[in-house]
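K.L.:
fold the following.
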Amino acid sequence: MPTVRVLVVDDEDFNRQTLRYCLEPIGFEIDEAGDGVEAWALLSKRGDRYDAILLDRRMPGMDGMTVLAKIKEDPALKDIPVIMQTAMDREEEIIDGIEAGVHYYLTKPYDIDVLVSVVRAATDDYARLRRVHTELAKRSGAIRLLVQGRFELRTPQEADALGVMLASGLPRSAAVAMGLSELLINAIEHGNLELDYASKTDLTAAGQWDKIIGERLELTPYRGRVVIMDVRRDAQKAVFTITDEGKGFDWRAYMDLTKERAFDTHGRGIAMARKLAFASLEYQGRGNIVVATVALSEGGLAAQSGQDPAPTAGHSSQAEEGDETDKAPEPVIAVAGSVPAAVESRLRSV
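P.N.:
Okay, here's the model as predicted:
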């Protein structure tokens with residue numbers, strides 16, 4: 001089994017030992033740094049060995065935010081998930097960390113179950129990203145010759161493979177591959193297999209999620225269902241339309257990262273795909289159709305930025321019902337746990 005190594009950066013020996021005590025028994029290898037200078041020395045020398053970084057915000061000398069900035073500026077390190085540790089009442093610190101690219105927040109004192117689940121989720125996501133990079137490096141980019149096509153798939157494994165294949169040769173191919181895979185897997189798990197968010201939370205915590213997916217794929221009526229991926233591209237853009245056979249869902253709740261899901265080990269996929277992978281992302285119908293667009297030409301389409309698409313009438317049956325539901329959702333940034341009112345109001349303006 002591959003080694004999963006986490007760098008713990010904290011100027012308090014008690015905190016470092018606590019994190020080691022929680023993580024080592026379940027298989028993580030831990031390196032420690034007592035301040036930012038020591039952490040950066042380790043990262044500069046062998047940063048590629050780390051699968052996640054647990055970073056304290058407040059340290060003497062080089063603080064956590066300075067270390068974070070250095071990580072994000074380094075092409076070899078910028079994708080390593082950073083989990084920032086701080087006190088929940090540090091309002092400015094929370095906002096600054098999120099804006100700087102923190103993946104998760106952990107508050108002190110630690111909740112052991114939350115700590116373990118967040119670190120495991122972060123390292124699993126990073127392992128998946130590295131697999132995508134490896135697969136993309138093997139591809140010839142011949143998929144760029146495709147002008148129009150249709151693909152059918154049933155399983156998460158097929159979703160990962162198709163995402164990599166279709167992203168090969170595109171701008172920011174790793175982000176696009178991850179984004180397409182997230183959308184396809186969502187269509188399989190929550191669309192065709194009709195497994196809801198709460199079920200995934202419980203089954204993941206129990207280590208049963210993959211088992212249930214495999215079993216459900218063979219049950220009636222799910223085994224006959226497919227997800228369809230339609231691809232259309234020209235000189236300016238590539239458009240991916242994903243359709244599942246499920247009942248649909250309230251997609252608005254998942255278009256942005258929210259504080260309510262900050263401690264969850266899942267639920268970020270659609271929001272991160274929207275932010276990092278696509279020029280636009282929009283759901284249609286009852287939520288069982290999603291259209292993702294990748295810009296290929298700056299002249300023909302807005303530069304790839306993950307910005308919200310302009311609201312368009314008729315994108316969902318819920319939007320047609322009127323009220324306030326047809327308005328684009330306000331962006332919300334993820335933080336861990338309950339948030340003071342002053343913080344929440346500022347986050348909504350980020």
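K.L.:
next up, the contacts around R120.
P.N.:
T265 (CB atoms under 8 Å, 6 or more residues apart in numbering). C-beta: built from backbone N, CA, C; applies to glycine.
K.L.:
from the chain's centre, how far out does the helix or strand hosting it sit?
P.N.:
R120 is located in helix 112-138, with elements delineated by DSSP states H and E. Between the centre of helix 112-138 and the centre of its chain there are 10 Å (CA atoms, centre = their mean, to the nearest Å).
K.L.:
that one: what's the following helix or strand?
P.N.:
strand 148-153.
K.L.:
give me the buried positions along that next one.
P.N.:
F151, L153 (16 or more other CB atoms under 10 Å).
K.L.:
what lies in contact with it?
P.N.:
Here strand 148-153 makes contact (CB under 8 Å, 6+ apart) with A159, L162, L184, I188, V226, V227, I228, M229, D230, V231, R232, R233.
K.L.:
can you tell me which of those are buried?
P.N.:
A159, L162, L184, I188, V226, V227, M229, V231, R233.
K.L.:
from what I see, A167 and E135 are in contact.
P.N.:
No: taking contacts as CB atoms under 8 Å, A167 lies outside contact range of E135: 9.5 Å.
K.L.:
need the residues touching each of those two.
P.N.:
A177.
K.L.:
so K247 belongs to a strand, correct?
P.N.:
No: going by DSSP: H, G, I helix; E, B strand; the rest coil, the assignment for K247 is coil, not a strand.
K.L.:
how far off centre is stretch 52-59?
P.N.:
With CA atoms, centre = their mean, you get 20 Å for stretch 52-59.
K.L.:
what does stretch 241-254 give?
P.N.:
18 Å.
K.L.:
endpoints of it, how far apart?
P.N.:
18 Å (CA to CA, to the nearest Å).
K.L.:
for that stretch, which outside residues touch it?
P.N.:
183-184, 187-188, 190-194, 225-232, 267, 270-271, 283, 285-292, 316-318, 325, 329.
K.L.:
buried ones in that stretch?
P.N.:
Buried, per 16+ other CB under 10 Å, within stretch 241-254: T241, I242, T243, D244, E245, G246, G248, F249, W251, R252, Y254.
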